[in-house]
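[1] sequence? don't have it. structure:
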């Protein structure tokens with residue numbers, strides 16, 4: 001009540017709720033998103049798709065992001081509406097689990113190799 005009486009309606013607005021202070025602002029978040037949108041260089045980064053740890057190693061070379069954690073990267077991507085599971089490259093291609101009356105079965109697409117680029 002004392003804070004509401006002192007500040008008025010602005011006291012109702014949510015504030016930082018504890019934990020370590022937020023050290024990455026809007027500019028750093030934009031750098032993280034820009035780094036995630038560009039495709040990795042296979043020779044320099046050693047990967048074809050970004051994972052959190054490979055993206056972390058890539059971003060640590062940028063000024064201001066030398067101590068960035070994978071949790072911070074994940075949080076920024078999650079807040080931007082990205083879903084990391086959709087871009088995984090180690091999913092089995094052409095195979096899917098289907099529910100049948102007798103139970104679940106694995107169905108293999110016979111044209112898997114023909115559909116690959």
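    Arrived safely, thanks for sending. From a predicted model like this one, the values you see are computed outputs, not experimental measurements. Residues are numbered from 1 along each chain as shown.

[2] CA atoms for contacts and neighbours, from now on please.
    Will do.

[3] can you pull out the strands in this structure?
    Ranges of strands within the chain are 95-100, 103-108, based on DSSP state E.

[4] the last one vs strand 95-100, what angle?
    Computed by axes from the mean of the first three to the mean of the last three C-alpha atoms, to 10 degrees, the angle separating strand 103-108 from strand 95-100 equals 150 degrees.

[5] show me which helix runs longest in this protein.
    helix 26-37 (DSSP state H).

[6] what is it packed up against?
    Applying 3 or more C-alpha pairs under 8 Å, 6 or more residues apart in numbering; DSSP states H and E, one finds that helix 26-37 makes contact with helix 52-59, helix 70-79.

[7] angle of that helix against helix 70-79?
    For helix 26-37 against helix 70-79, the angle by the same axes, to 10 degrees is 90 degrees.

[8] contacts for helix 26-37?
    50, 55, 58-59, 64-65, 73, 76-77 (C-alpha atoms under 8 Å, 6 or more residues apart in numbering).

[9] list the buried residues for it?
    28-29, 31-33, 35-36 (16 or more other C-alpha atoms under 10 Å).

[10] average pLDDT for it?
    Here helix 26-37 scores 88 as its mean pLDDT.

[11] how far does it sit from the chain's center?
    Here helix 26-37 is found 11 Å from its chain centre; the criterion is C-alpha atoms, centre = their mean, to the nearest Å.

[12] so where's the protein uncertain?
    Along the chain, segments meeting pLDDT under 70 span 84-94, 112-117.

[13] same thing but 50
    Counting by pLDDT under 50, the ranges of the chain that qualify are 89-91.

[14] residue 5 and residue 110: what is the separation?
    71 Å (C-alpha to C-alpha, to the nearest Å).

[15] give me the contact list for stretch 68-83.
    So stretch 68-83 is in contact with 29, 32-33, 52-53, 56, 59-60, going by C-alpha under 8 Å, 6+ apart.

[16] what's the burial count for residue 98?
    Neighbourhood size, residue 98 [other C-alpha atoms under 10 Å]: 10.

[17] was I right about it contacting residue 105?
    Yes: here residue 98 reaches residue 105: they are 5.4 Å apart, a contact under C-alpha atoms under 8 Å.
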